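Novice: Got a predicted structure here, sequence first:
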Amino acid sequence: MNESIVRTLSGVVYILLLLGATLFSPISFVLLFGIFMLIAITEFCKLANLNKMVPLIMGVAGLVIFCLLIDTTLYTNLLLNIGALFIAFMLLEELFYKGPIPKDKTAKLARLTGYVILPFLLIIRLPFLIQGTYTPYIIIGSFILIWTNDTFAYIVGKTMGKHKLLERISPKKTIEGFLGGMIFTILGAYIISLFDIFLTPVFHSAYIWMGAAIILVIFGTLGDLVESQLKRKAGVKDSGNIMPGHGGILDRLDSIIFAIPFLFLYYQILTYVS
C-alpha cells in the first residue's frame with residue numbers, strides 16, 4: 001500500500017481512538033492514556049538503552065503512583081507539576097547548551113519519570129482539574145491546538161521557510177514555520193472559544209484559550225526538538241513502530257507531554273484565582 005495512504009489511515013485511526021475514548025467516559029480516557037504511557041515508557045527505555053525489565057517496573061510504578069495520587073488536591077498537583085517541570089528544564093539545558101546525555105542509570109530513570117510518567121499523569125488529571133468533575137473538552141481542545149500547530153507549521157515552513165530554527169537537531173524546522181504555526185494556532189484557539197462545548201466555569205474566555213495556544217506552540221515545539229535530540233543520540237529515526245507511517249507513541253505525543261507541565265500549571269493558576 002502507498003506509504004502516504006498508510007500514514008493517513010494510521011493518523012485517522014489514532015485521532016478517532018483518542019477522541020472516542022476521551023468523549024466516551026472518564027474510564028475509557030484513563031485506560032487509553034494509561035496504555036499510551038506504558039508504550040511510551042517502553043519506547044523511552046529503548047532510546048535510553050535501559051535494561052528490558054525497566055519498562056515493566058516503571059510502567060507498574062506509574063500506574064501505582066496514579067492510583068495513590070487519584071485525589072486532585074492543589075498540593076498533589078503541584079508536586080507532580082514541580083517534578084515534571086524540573087526535568088523539563090534539565091532537558092532544555094541539554095538541548096540548547098549541548099550538554100551530554102547522561103549515561104548512568106539513575107539519571108536516565110529520573111528523566112523517564114519526569115519526561116514520560118509525570119506528564120502522562122498530568123494529562124490524565126487535566127480534565128478532572130475543575131472541582132474534580134470530568135471535563136473532556138479541555139483535553140480535546142488542547143489536542144486540536146497541537147494538531148493545528150503541527151499542520152500549519154509544516155505548511156508555512158514548506159512554502160515560506162528560509163531560516164532554520166535549530167538546524168543541528170531538526171534541519172527541517174524553520175523560524176517561519178514556527179511563527180506561522182503560532183499565528184494559526186492562536187486563531188484556532190479563538191475559534192474554539194466561540195463554541196459552548198469548550199467553555200467551562202474557568203476557561204470561558206478567548207484570551208485564556210489563546211494563552212493556552214501560546215504555551216502549547218512554544219513548549220510543544222521544544223518538546224519535538226527534545227525528542228529529536230533523544231532519537232539522534234540513540235541513532236534511530238522513530239521512537240517505535242506502533243503507528244505505521246508515524247512511528248511510536250512518543251513521536252505522536254512528544255509535543256503534548258513536554259508542554260503539559262506548563263499548560264497544567266497555567267490552568268491550575270487560573271482555577272485557583274477564579
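Specialist: Happy to help now that I have it.

Novice: mind checking the SS state of residue 17?
Specialist: Reduced to three states with DSSP: H, G, I helix; E, B strand; the rest coil, the structure at residue 17 is helix.

Novice: can I assume it is in contact with residue 33?
Specialist: No - if you go by CB atoms under 8 Å, residue 17 and residue 33 don't touch, sitting 11.1 Å apart. C-betas here are computed from N, CA, C, even on glycine.

Novice: Give me the more crowded residue out of the two.
Specialist: residue 33 (22 against 13; other CB atoms under 10 Å).

Novice: what's the pLDDT at the closest residue in space to the more buried one that isn't next to it in sequence?
Specialist: Nearest non-adjacent residue to residue 33, counting by CB to CB, 6 or more residues apart in numbering: residue 124, 5.2 Å away. As predicted, residue 124 sits at a pLDDT of 89.

Novice: same check, this time on residue 155
Specialist: The model's pLDDT for residue 155 equals 92.

Novice: Spatially, which residue comes closest to it, not counting chain neighbours?
Specialist: Nearest one to residue 155, counting by CB to CB, 6+ apart, is residue 180 at 7.2 Å.

Novice: isn't the one you found right up against residue 165?
Specialist: No - between residue 180 and residue 165 there is no contact under CB under 8 Å: 11.8 Å.

Novice: hang on, the earlier thing: list the contacts of the residue nearest to residue 33.
Specialist: The contact partners of residue 124, taken as CB atoms under 8 Å, 6 or more residues apart in numbering, are 29-30, 33-34, 66.

Novice: Distance of the residue nearest to residue 155 relative to residue 187?
Specialist: Distance, residue 180 to residue 187, using CB to CB, to the nearest Å: 11 Å.

Novice: of those two, who's got more company?
Specialist: More crowded of residue 180 and residue 187, by other CB under 10 Å: residue 180, with 22 against 14.

Novice: Checking residue 224 next. Helix, strand or coil?
Specialist: Taking three-state DSSP, the label given to residue 224 is helix.

Novice: gap between the residue nearest to residue 155 and residue 161?
Specialist: Applying CB to CB to residue 180 and residue 161 gives a distance of 9 Å.

Novice: any low-confidence regions in the stretch 51-200 of the chain?
Specialist: 52-74, 98-103, 131-132 (pLDDT under 70).

Novice: Contacts for stretch 24-39, please.
Specialist: Defining contact as CB under 8 Å, 6+ apart, one finds that stretch 24-39 is touched by 17-18, 20-22, 55, 59, 62-63, 66, 116-117, 120-121, 123-124, 127-128, 134, 136, 139, 240, 242, 248-249, 253.

Novice: Filter these down to the buried ones.
Specialist: By neighbour count, with 16 or more other CB atoms under 10 Å, the contacts of stretch 24-39 hold 18, 21-22, 55, 59, 62, 66, 116-117, 120-121, 123-124, 127-128, 136, 139, 240, 242, 248-249, 253 as buried.
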